[in-house]
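**Student:** Fold the following.
(one chain, ligands or ions: 2)
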Amino acid sequence: MKESIHDIPSLEVAKKRTRNPIIIRHETLEIPYRLREYAKGKRYFVRTYGCQANVVDSETISGILDEIGFVSSQDVENSDVIILNTCAVRENAEDKVFGEVGSLKRIRDLNKKAVIAVCGCMVQEPHIVEALRKKYPQVNLLFGTHNIAHLPSLLDEAIFEEKRVIDITSCEGEVIEDLPLKRQEEFKAFVNIMYGCDKFCTYCIVPYTRGKQRSRTKDAILKEVQDLLNRGYQEVTLLGQNVNAYGKDLKDGESFASLLEDVAKLGVPRIRFTTSHPWDFNDDMIHVIAKYKNIMPFIHLPLQSGSNEILKRMGRRYTIESYLELVDKLRKEIPDLALSTDIIVGFPNESDEDFEATLSAVRKCHYDSAFTFIYSPRVGTPAAKMEDPISRETKGKRFNRLVEALEESISAKAKEYVGKVYDVLVDGVSKKDESMLSGYTEQNKLVNFKGDISYVGKIVPVKIIESHTYSLIGEMVDEKRD
Ligand code: 5AD
Ligand code: SF4
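**Tutor:** Ligands and ions are numbered 1, 2, ... in the order given. The predicted model follows:
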């Protein structure tokens, strides 16, 4: 198949950071007439892997495809445009995508005109693009995290010129406003407050796949949140790889604390934010979180490791002492706070002592939830070049011990909920039992309880009667929480 290459990824370019001002571009989509005609009655399918940033990107992709005239479908077999929005953060996420791309060959054999596209973080990696080009002829469109707005012309080219089209930019990136967005949910939404990351933790591929840190203006964010509020949304999660750094790249002195306060003043019933870096979590932020009842008492605060030596080699810029001090301060100032974290085991050359230090930190922090990962080397990152004599078996054993320690802490925290009443935002019918509703407390704890389906999308008081490690059982009550 002929190829049309607009841009191809380069880690060298992706690594560069300049002081160039951020460019904000207001996008007006140009949709070729023949593409609009072609799209009539045709279906699209989008599969999203990875984090919330990808969820919003998929919502944008779906918004653009709707605007062109394609119709959304859950059925990959009968779709004419199939898009896999991928995650590069660990190898197992990438393996899943290769498995799925492999299985799409069947669809290519049935439908020669189908567009089979791979986008997102994986294709920002040059070796992945090479593998897709060489071994997966069924894929005829590759576009990067910075290239979503080009989707109409890329589809037009792939469909009408019957080429494999590649458009993956690695340079710093812009902030693009005004793209259409098709929200997946009706009462909970993610709102990007910034893109990219400049932290360059040594294990992490994100600064390469998502580029330089770019904050959106406060006005644009407030406008989006106000619009959600007008449409009846109950919960907004402000999104960024490192929300504490919001505004540091803007010239107007904006900060996350002041953004959070202004969002709270709009009156959204529930505000969440993720991810916070322990390094620059300042007092202003803590005061704002404590001051507003509609800012949820839940903080995701990645620890990554409890060993100072490993934290240093990870490039995390904090020590375990300063992390624990921050946790202490947060717990003192924010009543009812729930804490969640990310931890990596098996970072190159992690010793037994380093790992024990992580376990000890876990016991001190009393986490309410946690994500645990075995270190996965990412091509092009500094950690991938570090020597790593620790066996897979040792890493596996450490991982299991870590999960055990966390489950102990999570179960103990879950027990504290029993007997108390919490406000729960009802998500829908429980996945495991159709007679139950399920939703989340302000602390982000999953609760299942009996109730009428009409409560979906509403915030209701629920008394907790039983706790499991990862969920609670409750019953609806009349009284409100005090
Ligand atoms: N290996 C394992 N886990 C990783 N994470 C990021 N990069 C890697 C990697 N190379 C984890 C971190 C981060 C979370 C989103 O994914 O814990 O906080
Ligand atoms: Fe990756 Fe570190 Fe940036 Fe988080 S802060 S996205 S772990 S580089």
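
**Student:** Torsion angles phi and psi at the residue nearest to residue 246 when sequence neighbours are not counted?
**Tutor:** Excluding the flanking residues, the one nearest residue 246 by Cβ to Cβ, 6 or more residues apart in numbering is residue 256, at 4.1 Å. C-betas here are computed from N, CA, C, even on glycine. The phi/psi pair for residue 256 (degrees, to the nearest 10) reads phi -60, psi -40.

**Student:** swap in residue 473?
**Tutor:** The phi/psi pair for residue 473 (degrees, to the nearest 10) is phi -110, psi 140.

**Student:** Who are the contact partners of it?
**Tutor:** 447-449, 464-467 (Cβ atoms under 8 Å, 6 or more residues apart in numbering).

**Student:** before we move on, what about residue 457?
**Tutor:** 186-187, 232, 234, 425-426.

**Student:** ok, which of the residues you listed also contact ligand 1?
**Tutor:** Counting by Cβ under 6 Å from any ligand atom, nothing from those sits close to ligand 1.

**Student:** Now for those residues: which two are most distant?
**Tutor:** Taking Cβ to Cβ as the measure, those span a maximum distance of 14.0 Å, between 232 and 426.

**Student:** Is there a neighbour count for residue 468? I'd like the number.
**Tutor:** 13 (other Cβ atoms under 10 Å).

**Student:** these two touch, right, it and residue 415?
**Tutor:** No: Residue 468 is beyond contact range of residue 415, at 9.9 Å (criterion: Cβ atoms under 8 Å).

**Student:** Relative to ligand 1, which of the contacts of residue 457 is nearest.
**Tutor:** Proximity of those to ligand 1 (Cβ to the nearest ligand atom) peaks at residue 425, which lies at 24.1 Å.

**Student:** And the pLDDT for the closest one?
**Tutor:** Here, the pLDDT recorded for residue 425 equals 98.

**Student:** Kindly report the same for residue 119.
**Tutor:** Taking residue 119 on its own, its pLDDT is 98.

**Student:** Next: residue 480.
**Tutor:** 57.

**Student:** Over to residue 438?
**Tutor:** Confidence score, pLDDT, at residue 438: 96.

**Student:** Then the one 3 residues further on?
**Tutor:** On the pLDDT scale, residue 441 is placed at 98.

**Student:** tell me the contacts of it?
**Tutor:** So, once contact is read as Cβ under 8 Å, 6+ apart, residue 441 ends up touching 417, 422-424, 447, 462, 472.

**Student:** same thing with residue 379?
**Tutor:** Listed by Cβ under 8 Å, 6+ apart, the contact set of residue 379 reads 11, 125, 127.

**Student:** Most neighbours out of the residues you listed, which is it?
**Tutor:** residue 125 (24 neighbours).

**Student:** ok, residue 470 touching residue 413?
**Tutor:** No: using Cβ under 8 Å, residue 470 makes no contact with residue 413, being 11.2 Å away.

**Student:** These two - which one has more neighbours?
**Tutor:** Counted by other Cβ under 10 Å, residue 470 and residue 413 do not tie: residue 413 has more neighbours, with 19 against 12.

**Student:** Distance of the more buried one relative to residue 461?
**Tutor:** 21 Å (Cβ to Cβ, to the nearest Å).

**Student:** sec struct for residue 116, please.
**Tutor:** Going by DSSP: H, G, I helix; E, B strand; the rest coil, the secondary structure assigned to residue 116 is strand.

**Student:** Start at 487, not 1
**Tutor:** Yep, numbering from 487; the last one is residue 602 now.

**Student:** can you tell me the helix or strand for residue 551?
**Tutor:** helix 538-554 (DSSP states H and E).

**Student:** now that we have the contacts of residue 927, which one has the most neighbours?
**Tutor:** For the contacts of residue 927, neighbours tallied by other Cβ under 10 Å; top is residue 910, 28 neighbours.

**Student:** Restricted to helices, list the contacts of residue 943.
**Tutor:** Among the contacts of residue 943, no member falls in helices (DSSP state H).

**Student:** Turn the residues you listed into a markdown table, columns for neighbour count.
**Tutor:** Listed next are those as a markdown table, based on neighbours: other Cβ atoms under 10 Å:
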| residue | neighbour count |
| --- | --- |
| 672 | 12 |
| 673 | 20 |
| 718 | 9 |
| 720 | 18 |
| 911 | 22 |
| 912 | 25 |
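
**Student:** residues contacting the residue lying closest to residue 601 once chain neighbours are set aside?
**Tutor:** Distances taken as Cβ to Cβ, 6+ apart put residue 567 closest to residue 601, at 4.5 Å, once the chain neighbours are dropped. By Cβ under 8 Å, 6+ apart, residue 567 lies in contact with 528-531, 551, 556, 600-601, 603, 641.

**Student:** Residue 567 and ligand 1, how far apart?
**Tutor:** Distance of residue 567 to ligand 1, given as Cβ to the nearest ligand atom, to the nearest Å: 29 Å.

**Student:** likewise residue 490?
**Tutor:** 32 Å.

**Student:** Would you mind listing what in the stretch 537-686 of the chain touches ligand 1?
**Tutor:** Residues of the stretch 537-686 of the chain found near ligand 1 (Cβ under 6 Å from any ligand atom) are 575-576.

**Student:** And the strands in the stretch 537-686 of the chain?
**Tutor:** Secondary structure of the stretch 537-686 of the chain (DSSP state E, counting those that start in this stretch): strands located at 557-558, 567-572, 601-606, 627-629, 650-653, 661-663, 674-678, 680-681.

**Student:** Report the strands that pair with the second one, each with its relative direction.
**Tutor:** Strand 567-572 sits in its sheet next to strand 529-534 (parallel), strand 601-606 (parallel), going by DSSP bridges.

**Student:** what about residue 893, neighbour count?
**Tutor:** Neighbours of residue 893 using other Cβ under 10 Å come to 13.

**Student:** same question, residue 890
**Tutor:** By the measure other Cβ under 10 Å, the count of residues near residue 890 is 11.

**Student:** In contact with it: list those residues for me.
**Tutor:** Contacts of residue 890 by Cβ under 8 Å, 6+ apart: none found.

**Student:** Over to residue 859?
**Tutor:** Counting by Cβ under 8 Å, 6+ apart, residue 859 touches 576, 828-831.

**Student:** Tell me the confidence at the closest residue to residue 851 other than its chain neighbours?
**Tutor:** Distances taken as Cβ to Cβ, 6+ apart place residue 813 nearest to residue 851, at 5.5 Å, with adjacent residues excluded. If you check residue 813, the pLDDT there is 98.

**Student:** ok, residue 813 to ligand 2 distance?
**Tutor:** 18 Å.
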